[in-house]
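# A predicted structure for the sequence below; I have some questions about it.
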2 protein chains.
Amino acid sequence: MSFKEELQNRVNHIEEVISAFLPEETGYQKTVLEAMNYSVMAGGKRLRPMLMEECFKLFGGQGEIIKPFMAALEMIHNYSLVHDDLPAMDNDEYRRGRKTTWTVYGDGMAVLAGDGLLNLAYETAAKGFDMVKDADGYRRMAGAMQILGRKAGVYGMIGGQTADIEAEDGKSLLTEEVLLFIHENKTAALIQAAMMIGAILAGAGEEDVALMERVAYNIGIAFQIQDDILDVTSTTEVLGKPVGSDEKNHKLTYVTLKGLDASRCEVERLSKEAMKILADLQRKEGNIANAFLIELVESLITREK
Amino acid sequence: MSFKEELQNRVNHIEEVISAFLPEETGYQKTVLEAMNYSVMAGGKRLRPMLMEECFKLFGGQGEIIKPFMAALEMIHNYSLVHDDLPAMDNDEYRRGRKTTWTVYGDGMAVLAGDGLLNLAYETAAKGFDMVKDADGYRRMAGAMQILGRKAGVYGMIGGQTADIEAEDGKSLLTEEVLLFIHENKTAALIQAAMMIGAILAGAGEEDVALMERVAYNIGIAFQIQDDILDVTSTTEVLGKPVGSDEKNHKLTYVTLKGLDASRCEVERLSKEAMKILADLQRKEGNIANAFLIELVESLITREK
């Protein structure tokens, strides 16, 4: 099977997993449930639950415990999109070729749908407690819940969104340090949650969980810089969205700050380090080699669109 | 000490507990942290953490484990106010005599501040895992996390907010059933979370937790009907807010649906049942009589303002 076919299989599998945790559209609160399902089932790469499950496999994880967390993380990713698109935030009417949640359901209902998804994420993750029996199982669950909370919150994704808004409004000077803070938190934090939780729930030790945090940081930052590079070097046909938009919008990016060559070097350095750590982990006793994970990470960083 | 003095002591104590879990206003995400603290420290009755702690004491609870949950529940209550006040929702500029969060920080930042508080609530509650050691402690934590998620979410408070918005927009017919659904979820659900979590963390059994759910339901509904009664029978001077606003806004309430006498009867019935359950629990072996809790519940239901 080609990588592309394997990828599609994974996406189908993940959408089945997520669907099982989505609400039935019934009761007096039906509208908010519809709006939540509308936004989660709007497609997307399902990258975060995919990385989570593949890391779980790498560390020899077995059983169902990973599933509620896969769904929870995708809910968190999607709530952030629903709120980002609001008129009060980016005021976007379309995403992935479909009308955004507020455009269909109104902005009041979209606020509630985002809140509903964020809350349902924790409700869903907490279902994992019903699947464990001993103190060891509870400890893993506790660790996973704590990482989810930290990486999604004001010391993770929401922190990055805040710094991003402030920089865009010109309320703070965009230095390299601020830019990396934004990328680390807005983009890398949920990837870190994915890979760390996959490892923790599989029973990986603290050191290995820290390695996954590092790998995910590199993937997140490299992914983002690659995005900025493609905005300069690609064509609208290949990318499927307008190129040159960063320059047009006077947006400061890693590329405008450091230049194209330095940016390419940084992507290279970050990905080499990530691949080295992953390769070492594959060979470690007790772990299970996961060629798909390696290919997935490579495809994310070296992508041309 | 008078009840009023005891109440004020409790409020001071609770604000100390909450403060310890609020973020330091530092870092590139400083603005969202300021907005979060602004809304949580805006005052209020601190009713939910108070009921939680008093129920914890009633069931003989000891130690610090209740504290992160007291803070978490108050964060959830306050995030819901921050989002409710948004222009996309109720468009309120003042609350408790202060400017609302969006009025001070802008509506984009208020969306993020609400999200930040909701997420921080779960992050904070999950800190409780660091305070338990054995499987029994983990089980209590798990139960408390699950109840928090359910009562705050689309099958709890957010569900009630949704039905309320739909009824106000005239999108659904407001029957007695819908009205009770709204009160049960929008008002009673977080009170249920408070009293049930207090019981669970103290080690109460399933039956007693179910009794607390019942008591809290009664308190929540009686509190709400009493609100509607006072809107008709009180004066602006006593109430500190305009009376007759429900009639002016053509708002359907329990009073407009069933009349003043039937409403008073229902408050009486609900509170008698709640007080009976609480009185029985006070006398149960292993429990610790809590006169303050009884007085607090009585004051909530029979209040004149």
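Thanks, I have the structure now.

# Only alpha carbons, please: show stretch A:75-87 as PDB.
Provided in PDB are the C-alpha atoms of stretch A:75-87 (Å, rounded to 0.1, in the frame of the first residue of the first chain):
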ATOM      1  CA  MET A  75     -12.400  18.500  19.600                       C
ATOM      2  CA  ILE A  76      -9.900  21.000  21.200                       C
ATOM      3  CA  HIS A  77      -8.300  21.700  17.800                       C
ATOM      4  CA  ASN A  78     -11.800  22.300  16.300                       C
ATOM      5  CA  TYR A  79     -13.100  24.500  19.100                       C
ATOM      6  CA  SER A  80     -10.100  26.700  18.500                       C
ATOM      7  CA  LEU A  81     -11.000  27.000  14.800                       C
ATOM      8  CA  VAL A  82     -14.700  27.800  15.600                       C
ATOM      9  CA  HIS A  83     -13.700  30.600  18.000                       C
ATOM     10  CA  ASP A  84     -10.800  31.800  15.700                       C
ATOM     11  CA  ASP A  85     -13.300  32.300  12.800                       C
ATOM     12  CA  LEU A  86     -15.700  34.400  14.900                       C
ATOM     13  CA  PRO A  87     -16.300  38.000  13.800                       C
END
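
# Could you check how far that stretch is from the centre of its chain?
Computed by Cα atoms, centre = their mean, to the nearest Å, the chain-centroid distance of stretch A:75-87 equals 12 Å.

# Could you confirm whether it reaches chain B?
Yes: counting by Cβ under 8 Å from any Cβ of the partner chain, chain B is contacted by stretch A:75-87 at A:79-80, A:83, A:86-87. Every residue, glycine included, has its C-beta placed from N, CA and C.

# before we move on, what about stretch A:114-132?
Yes: against chain B, stretch A:114-132 shows contacts by Cβ under 8 Å from any Cβ at A:114-116, A:118-120, A:122-123, A:126-127, A:129.

# Who are the packing partners of the helix or strand A:F223 falls within?
A:F223 is located in helix A:206-233, with elements delineated by DSSP states H and E. Here helix A:206-233 touches helix A:189-201, helix A:245-248, helix A:254-258, helix A:260-283, helix A:291-301, going by 3 or more Cβ pairs under 8 Å, 6 or more residues apart in numbering or on different chains; DSSP states H and E.

# Looking at the ones you listed, spot the one closest to B:Q146.
helix A:189-201 (17.7 Å; Cβ to Cβ).

# tilt between that closest one and helix A:260-283?
Angle, helix A:189-201 to helix A:260-283, by axes from the mean of the first three to the mean of the last three Cα atoms, to 10 degrees: 10 degrees.

# For B:A188, state which of the residues of stretch A:75-87 next to chain B is nearest.
A:Y79 (25.0 Å).

# where does that closest one land on pLDDT?
You'll see A:Y79 listed with a pLDDT of 98.

# Helix or strand: which one has it?
Using DSSP H and E, A:Y79 falls in helix A:66-84.

# what angle do that helix and helix A:189-201 make?
Orientation of helix A:66-84 against helix A:189-201 (the same axes, to 10 degrees) gives an angle of 170 degrees.

# next structured bit after helix A:66-84?
strand A:94-95.

# Turn the residues of stretch A:75-87 next to chain B into JSON lines, columns for neighbour count.
Formatted as JSON lines, the residues of stretch A:75-87 next to chain B follow (neighbours: other Cβ atoms under 10 Å in any protein chain shown):
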{"residue": "A:Y79", "neighbour count": "27"}
{"residue": "A:S80", "neighbour count": "22"}
{"residue": "A:H83", "neighbour count": "28"}
{"residue": "A:L86", "neighbour count": "22"}
{"residue": "A:P87", "neighbour count": "17"}
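
# Just give me the closest of the residues you listed to chain B.
A:H83 (5.5 Å; Cβ to the nearest Cβ).

# Relative to A:H183, how far out is the closest one?
Plainly put, A:H83 is 19 Å away from A:H183 if you go by Cβ to Cβ, to the nearest Å.

# Please apply the same query to A:A210.
20 Å.

# Identify the residue nearest A:D92 in space, chain neighbours excluded?
A:D85 (4.3 Å; Cβ to Cβ, 6 or more residues apart in numbering or on different chains).

# helices and strands around the helix holding A:Y79, which ones?
Using 3+ Cβ pairs under 8 Å, 6+ apart, the elements in contact with helix A:66-84 are helix A:3-21, helix A:30-40, helix A:47-58, helix A:107-126, helix A:135-152, helix A:157-168, helix A:189-201, helix B:107-126.

# so it versus helix A:3-21, what angle?
Relative orientation of helix A:66-84 versus helix A:3-21 (the same axes, to 10 degrees): 90 degrees.

# quick one: helix A:66-84 to chain centroid distance?
Relative to the chain's own centre, helix A:66-84 is displaced by 8 Å; criterion: Cα atoms, centre = their mean.

# Same check on stretch A:97-107?
Remark: stretch A:97-107 is offset 21 Å from the chain centroid, using Cα atoms, centre = their mean.

# rewinding a little: how close does the residue nearest to A:D92 sit to A:I191?
21 Å.

# And for A:R95?
From A:R95 to A:I191 the distance is 20 Å (Cβ to Cβ).

# and these two? which has more neighbours close in?
Neighbour totals were compared for A:R95 and A:I191, and A:I191 leads with 26 against 19 (other Cβ atoms under 10 Å in any protein chain shown).

# Just confirm the more buried one contacts A:G220, I think it does.
Yes: counting by Cβ atoms under 8 Å, A:I191 touches A:G220, with 4.7 Å between them.

# Pick out whichever of A:A210 and A:H183 has more residues nearby.
A:H183 (25 against 13).

# There's contact between that one and A:G160 in this structure, I believe.
Yes: look at A:H183 against A:G160 with Cβ under 8 Å: they come within range, at 7.5 Å.

# Would you mind listing what in the stretch 151-300 of chain A touches chain B?
Near chain B, when you scan the stretch 151-300 of chain A using Cβ under 8 Å from any Cβ, you find A:152-155, A:158-163, A:165-166, A:171-172, A:178, A:181-182, A:185.

# What's the ChimeraX syntax to select whichever of these are buried?
To isolate the buried ones among these in ChimeraX, judged by 16 or more other Cβ atoms under 10 Å in any protein chain shown, type:
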select /A:152,153,154,155,158,159,160,161,162,163,165,166,178,181,182,185
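
# Not counting sequence-adjacent ones, nearest residue to A:E273?
With Cβ to Cβ, 6+ apart, the residue lying closest to A:E273 is A:N218, at 5.7 Å.
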